[in-house]
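Asks: the following block contains a protein sequence and its predicted model.
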Amino acid sequence: MGEHLTGMPRFRAREAMTDALKKKGLFKETKTNEMCLRICSRSKDVVEPMIKPQRYIKCSDMGNEALNAVADDENRKLEIIPRQYTAEWKRWLHNISDWCVSRQLWWSHRVLAREEEAQALADQKYEGKKFRLEQDSDELDRWFSSGLFPLSVLGWPDDPED
């Protein structure tokens, strides 16, 4: 439906899409929505977010492991000092959510993926199909990336002796 919009400026494309939806009887309504628009300091154009897929790390398993490390008095693997912060530790880990590690940044480490491994896995899963894999340009968030710093200065992602 939107092939005729390719290369069209976004504001004109929105009007053209609205017209196309109206012609097909698929348009519902227009509402006024007051909001703060961000303006580019250089171009003076409206800055709009680009919706991109995000990547998350499932944290519930790690959270439960960290919770259990403190919970069992006889087999405690971790001691919180001062002790009164144990309740805060438990409260935080009981309510842990998945961590979004992908960001559209200009610095940081790229999303962890090795093209050869990904290709081998894809070839195995989709035997006989031809396709081309490309590494996503997303970056990992700064906090996650800072944890990778020691690895990267020691030669990661290769497997050095260090």
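Replies: Noted; the coordinates are in hand.

Asks: just for the protein, where's the confidence low?
Replies: Counting by pLDDT under 70, the chain has low-confidence residues at 1, 103-112, 137-146, 148, 162.

Asks: any idea how far the lengthiest helix in the chain is from the chain center?
Replies: Of all the elements of type helix in the chain, the one with the most residues (DSSP state H) is helix 10-23. Between the mean C-alpha location of helix 10-23 and the chain-wide mean there is a distance of 30 Å, by C-alpha atoms, centre = their mean, to the nearest Å.

Asks: in the sheet, which strands lie alongside the helix or strand following that helix, parallel or antiparallel?
Replies: Towards the C-terminus, the helix or strand next in line after helix 10-23, according to DSSP states H and E, is strand 38-39. Partner strands and pairing direction for strand 38-39 (DSSP bridges) are strand 46-47 (antiparallel).

Asks: domains of this structure?
Replies: Structural domains assigned to the chain are 1-28, 56-100, 102-153, following automatic domain parsing.

Asks: as a markdown table, the ones you listed with distance to Asp159 would be great.
Replies: C-betas here are computed from N, CA, C, even on glycine. Listed next are these as a markdown table, based on distance: least, C-beta to C-beta, whole Å:
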| stretch | distance to Asp159 |
| --- | --- |
| domain 1-28 | 44 |
| domain 56-100 | 22 |
| domain 102-153 | 11 |
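
Asks: dump those domains to JSON lines, plus mean neighbour count.
Replies: Written out in JSON lines, the entries for these read as follows (neighbours: other C-beta atoms under 10 Å):
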{"stretch": "domain 1-28", "mean neighbour count": "11"}
{"stretch": "domain 56-100", "mean neighbour count": "12"}
{"stretch": "domain 102-153", "mean neighbour count": "12"}
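
Asks: please, where are all the helices along this structure?
Replies: Secondary structure of the chain by DSSP H: the helices cover 10-23, 60-71, 86-94, 115-125, 142-153.

Asks: and the contacts of the shortest one?
Replies: Taking C-beta atoms under 8 Å, 6 or more residues apart in numbering as the criterion, the residues outside helix 86-94 that touch it are 63-64, 66-67, 70-71, 80.

Asks: please save the CA atoms from it in CSV.
Replies: The C-alpha atoms that make up helix 86-94 are tabulated as CSV, following Å, rounded to 0.1, in the frame of the first residue of the first chain:
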residue,chain,number,x,y,z
THR,A,86,19.6,-7.2,53.0
ALA,A,87,15.9,-6.2,52.9
GLU,A,88,16.6,-3.7,50.2
TRP,A,89,18.6,-6.3,48.2
LYS,A,90,15.7,-8.7,48.5
ARG,A,91,13.0,-6.1,47.6
TRP,A,92,15.0,-5.0,44.5
LEU,A,93,15.6,-8.6,43.3
HIS,A,94,11.9,-9.6,43.9
